[in-house]
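Asks: Provided below for reference: sequence and predicted model.
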Amino acid sequence: MNKFVSKRNTDASHYKDNRAQVELLYSIVAVVILIAFSLYFEVDFVETLYDYTREYEDWELDELIFSFLWIAIVAVIYAVRRVIDIIDLNKTNAYNANHDSLTGLPNRGFAQYLMGKMLHRANRGNHSVAVIFLDLNEFKNINDSFGHDHGDLLIKKIGHRLSSTIRGEEVVSRLGGDEFLIIAEFSDGINPLEPLIERIKECTKEPFDIFGKSISSSFSIGVAASPEHGTSVNSLLVAADTAMYEAKRNKDSPVFYYTNEIGERNKEYLKLSSNLKSAIINKDLYLVFQPIVNTYSGKVEGYEALTRWELNGNSINPERIISIAENIGLSEAFFCWLINTALEESALFKMPEQFISINVTVKQFLSENFLPIMEDAISKYKNTIINLEITESSILADYDKAINTIRRLKKLGIKVMIDDFGTGYSSLGRLRDLDIDKIKIDKSFLVDVVRINMKEIAQ
């Protein structure tokens, strides 16, 4: 058991018995010290007082003095008890300040303090510190499906399993929410961490009994180590956190070891995220319009609006722009800019019978504000023919909502096209329900059809 993790005493009567014994002992010691102190320094005074009481014995001064002594003793005992109360309160406050209230594990602040001590030892010696960032998968779904009481109990039980699996100087901490942290010292490269990683994965192999329900869970695990990935508390936490998110994105393996290449890529991503927000607000993004030509007639039937962004002389990939916008919560703001800018600028050069085509992502299509944004744009540019290209995955994500949304778009006079048809699992029969104007068949689908036909011809 981790020596840094304090255990709470659940036996209240045992605690009270111990407290009473301590108070009695302290009180006796205090009284003895008080008497010894008085006798040692005030012997003459005591002798004088004794002679005085004998001389005026009829005054019964000895009873008064005895009473005052008892009052002094009681006062000392009371003072001792109050001092013990203050000590206990300080201990409780210190524990609560450093530990998570739900699991009893060290919290983020205490974990950082312990990590700092480990790094200090590591920098002086010939060993390293590993930081293992754990994030519980699908925890939000568990909370939403069963309630927060189930989620809290799951976190508590996971914390217990983790604290039971660590050894020696290893430290397990709960950072908050569904995130845990394990810190370990090692000296022979990163391979000695493999047994620890396996022990961590073992913690979630068996399902958890949560109020009679069997709930399974798993971790996404990010690993970073000093000095390769940082020598400070903050740098190692950032590295391990970055590695954990890579593990979440990588479905093939739940564990990801931080690399400097990933770190540079993450820094670039954060830089782009920061700049994209201001780019949308300041309208630093721009559109190019690609002609859509009818191959039979050679006529330009419309234009496809494509997003472009130049940052420090570099052209940012449109797919990356959209991905970042969605990850940082700017999906709706980006789409609002896109649709309004496309309609405004295309009106300056295209013919009335030509359409303007705009790509819509899954998140944009399923957004609650998607239709209001479209209705607002249509009200401003009433004579524009709009062709929205939605992906097959947008339909599959919520089929009933997709049908309703497409019907409302059609009422607004907007044409709808399925992009990359054949990459999902939708059937041709469903197209009748969707009332689609056109479909773009994915290249890979056509290649497979040709390959099958060639095989049949060969046979």
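Replies: Thanks, I have the structure now.
Asks: can you tell me the centre-most residue of the protein?
Replies: Central residue of the chain (Cα atoms, centre = their mean): residue 179, 6.2 Å from the mean position.
Asks: pLDDT at that residue, what is it?
Replies: Note on residue 179: pLDDT of 94.
Asks: skipping its backbone neighbours, what lies nearest it in space?
Replies: residue 135 (5.5 Å; Cβ to Cβ, 6 or more residues apart in numbering). In this view, the C-beta of every residue, glycine as well, is placed from N, C-alpha and C.
Asks: list the residues that contact that neighbour.
Replies: Residue 135 makes contact with 178, 179, 219, 220, 222, 244, 248, according to Cβ atoms under 8 Å, 6 or more residues apart in numbering.
Asks: how about those residues, which pair is most distant?
Replies: Between any two of the contacts of residue 135, the greatest separation by Cβ to Cβ is 13.8 Å, found for 178 and 222.
Asks: pull the helix or strand with minimum mean pLDDT from the protein.
Replies: None of the helices or strands of the chain scores lower by mean pLDDT, DSSP states H and E than helix 443-458, at a mean of 51.
Asks: give me the helices and strands touching the host helix or strand of residue 194, please.
Replies: In this assignment (DSSP states H and E), residue 194 forms part of helix 193-202. Helix 193-202 sits against strand 128-136, helix 148-165, strand 179-186, strand 219-225, with contacts defined as 3 or more Cβ pairs under 8 Å, 6 or more residues apart in numbering; DSSP states H and E.
Asks: would JSON lines of the ones you listed with distance to residue 339 be doable?
Replies: Formatted as JSON lines, the helices and strands packed on helix 193-202 follow (distance: least, Cβ to Cβ, whole Å):
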{"stretch": "strand 128-136", "distance to residue 339": "35"}
{"stretch": "helix 148-165", "distance to residue 339": "38"}
{"stretch": "strand 179-186", "distance to residue 339": "38"}
{"stretch": "strand 219-225", "distance to residue 339": "36"}
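Asks: for residue 259, find the nearest of these.
Replies: strand 219-225 (9.6 Å).
Asks: so for the helix or strand that the closest one is followed by, what gets flagged as buried?
Replies: Next along the chain after strand 219-225, taking DSSP H and E as the criterion, comes helix 233-249. The neighbour-count check on helix 233-249 (16 or more other Cβ atoms under 10 Å) flags 233, 235-247 as buried.
Asks: now do helix 233-249 against strand 128-136, angle only.
Replies: 40 degrees (axes from the mean of the first three to the mean of the last three Cα atoms, to 10 degrees).
Asks: partners of the helix or strand that helix 233-249 is followed by in the sheet?
Replies: Using DSSP H and E, the next helix or strand after helix 233-249 towards the C-terminus is strand 255-257. Paired neighbours of strand 255-257 in the sheet (DSSP bridges): strand 219-225 (parallel).
Asks: the partner strand to helix 148-165, inter-axis angle?
Replies: 40 degrees.
Asks: what about strand 219-225, distance to the chain center?
Replies: 13 Å (Cα atoms, centre = their mean, to the nearest Å).
Asks: and if you look at stretch 341-357?
Replies: 43 Å.
Asks: contacts for whichever helix or strand residue 323 is part of next, please.
Replies: Residue 323 belongs to helix 318-327 when assigned by DSSP H and E. Applying Cβ under 8 Å, 6+ apart, the contact partners of helix 318-327 are 269, 272-273, 276, 280, 285, 306-309, 330-331, 333-334, 361, 363.
Asks: now that helix - C-alpha only, CSV.
Replies: These are the backbone C-alpha positions of helix 318-327, laid out as CSV (Å, rounded to 0.1, in the frame of the first residue of the first chain):
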residue,chain,number,x,y,z
PRO,A,318,-9.0,22.7,-45.3
GLU,A,319,-9.7,19.4,-43.5
ARG,A,320,-7.5,20.4,-40.7
ILE,A,321,-9.2,23.8,-40.4
ILE,A,322,-12.6,22.1,-40.0
SER,A,323,-11.2,19.5,-37.6
ILE,A,324,-9.6,22.1,-35.3
ALA,A,325,-12.8,24.3,-35.4
GLU,A,326,-14.9,21.3,-34.3
ASN,A,327,-12.4,20.3,-31.5
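Asks: how much space separates the residue nearest to the centre of the chain from residue 345?
Replies: If you measure residue 179 against residue 345 using Cβ to Cβ, to the nearest Å, the figure is 45 Å.
Asks: helix or strand right after the host helix or strand of residue 85?
Replies: Counting by DSSP H and E, the element that carries residue 85 is helix 61-98. Going down the chain from helix 61-98, the next helix or strand is helix 108-124, by DSSP H and E.
Asks: from residue 406, how far out is residue 371?
Replies: As judged by Cβ to Cβ, residue 371 and residue 406 stand 11 Å apart.
Asks: which one's more surrounded, the two?
Replies: residue 406 (23 against 15; other Cβ atoms under 10 Å).
Asks: look up how far residue 231 lies from that one.
Replies: According to Cβ to Cβ, residue 406 stands 56 Å off from residue 231.
Asks: one step back: okay, and the beta partners of the residue nearest to residue 179?
Replies: Beta-bridge partners, per DSSP bridges, of residue 135: residue 179, residue 220.
Asks: quick one: it from residue 150, how far?
Replies: Counting by Cβ to Cβ, the gap from residue 135 to residue 150 is 18 Å.
Asks: please say which of residue 178 and residue 222 ends up with more neighbours.
Replies: residue 222 (25 against 21).
Asks: so the more buried one makes contact with residue 237?
Replies: No: using Cβ atoms under 8 Å, residue 222 is not in contact with residue 237, being 10.1 Å away.
Asks: which neighbours do those two share?
Replies: Between them, residue 222 and residue 237 share these contacting residues under Cβ under 8 Å, 6+ apart: residue 133.
Asks: so what's the residue count around the closest residue in space to residue 160 that isn't next to it in sequence?
Replies: Leaving aside its sequence neighbours, residue 160 sits nearest to residue 103 (Cβ to Cβ, 6+ apart; 7.4 Å). Residue 103 has 22 neighbours, counted by other Cβ under 10 Å.
Asks: do the same with residue 104
Replies: The burial count assigned to residue 104 is 17, neighbours taken as other Cβ under 10 Å.
Asks: what does residue 200 give?
Replies: Other residues close to residue 200 by other Cβ under 10 Å number 23.
Asks: over to residue 352?
Replies: The burial count assigned to residue 352 is 8, neighbours taken as other Cβ under 10 Å.
Asks: what's the answer for the one 3 residues further on, then?
Replies: By the criterion of other Cβ under 10 Å, residue 355 has 18 neighbours.
Asks: thinking again about what came up before, show the average pLDDT along the helix holding residue 85.
Replies: Averaged across helix 61-98, pLDDT comes to 70.
Asks: try stretch 284-300
Replies: Per-residue scores along stretch 284-300 average to 91.
Asks: quick one, domains of the chain?
Replies: 12-97, 108-258, 272-458 (automatic domain parsing).
Asks: quick check: the residue nearest to the centre of the chain vs residue 155, distance?
Replies: Distance of residue 179 to residue 155, given as Cβ to Cβ: 10 Å.
Asks: this completes my enquiry, with thanks.
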